[in-house]
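In: Can you look at this prediction? I've put the sequence above it.
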Amino acid sequence: TIRTTTSPLSLGYCHPLSRRISILTKSTQNNCKNLALPARAQSTSTTDSTTRTTSKNTKFHRIILCRHGLSMGNVDDTFYVHTADWKIPLSSKGKEQGRRAGQRLAKLLDGERCFVYHSPYLRATETMNEMVSQLPSSSIIGIRPEPRIVEQQFGNFQNYEEVQNSRDERVKFGRFFYRFPSGEAGLDVYLRITSFISTLFRESLEMQEQGLNLNETNIVLVT
């Protein structure tokens, strides 16, 4: 299931690693909406003609997605001309949005714990820091930058007119398959995110081995 918003704080992807997915966005200021997922299936294996049925929970309680707050690039898109994309900071309003998202996240967790992955882009890192400032330290299992969840690369923003022309071309060519010069296609983003989802699955097993109760463990992605 894919859920999107028109806000700079966007979207969610429902994956079997989580029973529910929650979306913290500007357009959901008052409500964090959950999408139900099917119950996990049991697996069977046969050894020495004996069939065993096992059921092992490898699903986090929630995967919570949060898009970065309002950045200086959102306020003025010519900001990209003189500042590298990954160095663009939050605006003062964006920092306040991050703190509010952290307050909503604290209520959503309600005593449960979370592991936070964030894009290493400055605006996402600043959003994550503002969010975490609103959480009790005991609720955070760990925090890690994850390059695979950065936003789509649109190429060399220093040539503003070229980027705008490429955006127009993408509409004609097809948003998913069009590759920006010196940038990425939607397909490229899909492939790297798929790789990250596989990592999440492996790490869910590692967390279980370390004694964490996945029923009370949440994943927070800030991108």
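Out: Arrived safely, thanks for sending.

In: from here on, contacts and neighbour counts on C-alpha atoms
Out: Noted.

In: Verify the stated contact: residue 155 with residue 167.
Out: No: Residue 155 lies out of contact with residue 167 (CA atoms under 8 Å); the separation is 10.8 Å.

In: Hmm, residue 147 and residue 192 touching each other?
Out: No: taking CA under 8 Å as the definition, residue 192 is not a contact partner of residue 147, at 9.3 Å.

In: shaky segments in this structure?
Out: The chain contains residues with pLDDT under 70 at 1-57, 158-160.

In: Tell me where it has strands.
Out: 2-3, 12-13, 18-24, 34-36, 43-47, 50-54, 60-66, 113-118, 140-145, 217-222 (DSSP state E).

In: And for the last one, what's in contact with it?
Out: Just to be clear, that refers to strand 217-222. Identification of contacts with strand 217-222 by CA atoms under 8 Å, 6 or more residues apart in numbering yields 60-68, 109, 112-119, 124-125, 127-128.

In: Same question for the longest helix along the chain: list its buried residues.
Out: Longest helix of the chain, by residue count under DSSP state H: helix 186-209. Across helix 186-209, burial judged by 16 or more other CA atoms under 10 Å covers 186, 188, 189, 193, 196, 200, 201, 204, 205.

In: give the contact list for the fourth one.
Out: Shown here is residue 193, whose contacts under the criterion CA under 8 Å, 6+ apart are 148, 149.

In: distance of residue 113 from residue 200?
Out: According to CA to CA, to the nearest Å, residue 113 stands 16 Å off from residue 200.

In: Identify each buried residue in stretch 148-162, please.
Out: In stretch 148-162, the ones that count as buried by 16+ other CA under 10 Å are 148, 149, 150, 153, 154, 155, 156, 157, 158.

In: Out of those residues, flag the one nearest to residue 178.
Out: Nearest to residue 178, judged by CA to CA, of the buried residues of stretch 148-162 is residue 154 at 10.6 Å.

In: Quick check on the closest one: phi, psi?
Out: Per-residue torsions, residue 154: phi -100, psi 10 (degrees, to the nearest 10).

In: Would you confirm that it contacts residue 183?
Out: Yes: assessed by CA under 8 Å, residue 154 is found in contact with residue 183 at 4.8 Å.

In: re the thing from before, the inter-axis angle of the longest helix of the chain versus strand 217-222?
Out: 150 degrees (axes from the mean of the first three to the mean of the last three CA atoms, to 10 degrees).
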